[in-house]
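> This is the structure alone, sequence omitted:
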Ligand code: CUA
């Protein structure tokens, strides 16, 4: 014998189930929205409360007249602690100096800025990759294990001459670099 008395009609039961599922999904969707708004709020407050510890600026107008990026200070400098600082400028459409000389197996600090528009600084075969932004100093530490020559193309579109904006990085033996640095204040491999 079968029970034929329905508790509710089949269509009512289906509607109820669909409503339950929809309600559950709506709750999940709202929860995701609330989470994203909370994350964005946290990120904004965190950034406002903790600005970058150090932003260095350099006025592109007076770059060549005075300060760290004056012509005579560009190139590689051997520091008292044995590390090397390389200072250079990117401008339409070249790098100054266009060939950088650095020693192998040494801590190198690149410091650079742009004299006009945004340029890119990248050394092939390494993960060295910076943007040169007018008004700001970009800085990066690096180390080259072995001597050799690497290319340095600008990788940020900077105008009609962008394609031709290339530089070179020449990595020489540590001892050879020290000998060259003995009688020159700033080094480069521009011929
Ligand atoms: Cu400089 Cu592209």
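Received the coordinates, thanks. None of these values were measured; they are calculated from a predicted model.
> Contact partners for residue 130?
Neighbour list for residue 130: 110, 112, 120, 121, 122, 138, 140 [criterion: CB atoms under 8 Å, 6 or more residues apart in numbering]. (C-beta placed from N, C-alpha, C; glycine too.)
> Look at residue 42 and tell me its secondary structure.
helix (DSSP: H, G, I helix; E, B strand; the rest coil).
> Roughly how far does it sit from the ligand?
36 Å (CB to the nearest ligand atom, to the nearest Å).
> what's the burial count for residue 54?
Residue 54 has 7 neighbouring residues, counting by other CB atoms under 10 Å.
> should've said residue 183
Neighbour tally, residue 183, other CB under 10 Å: 6.
> Residue numbering should commence at 52 henceforth.
Happy to do that; since the first residue is 52 now, the last one works out to residue 234.
> Mind jotting down where the helices sit in the protein?
61-100, 225-233 (DSSP state H).
> Give me whichever of these is most buried.
Ranked by mean neighbour count, the helices of the chain are led by helix 225-233 with a mean of 14 (mean count of other CB atoms under 10 Å).
> Tell me which residues are up against that one.
So helix 225-233 is contacted by 127, 129, 135, 152, 153, 154, 155, 156, 157, 223, 238 (CB under 8 Å, 6+ apart).
> how about 7 Å then?
Residues outside helix 225-233 that contact it (CB atoms under 7 Å, 6 or more residues apart in numbering) are 129, 154, 155, 156, 157, 238.
> Quick check, the third one in contact with residue 196.
Right, the one you point to is residue 155. Yes: using CB atoms under 7 Å, residue 155 makes contact with residue 196 at a distance of 6.5 Å.
> Below-threshold pLDDT in the chain: ranges please.
Filtered on pLDDT under 70, the chain yields the residue ranges 52-63, 102-103.
> ok, so what distance separates residue 69 from residue 76?
Using CB to CB, to the nearest Å, residue 69 is found at 11 Å from residue 76.
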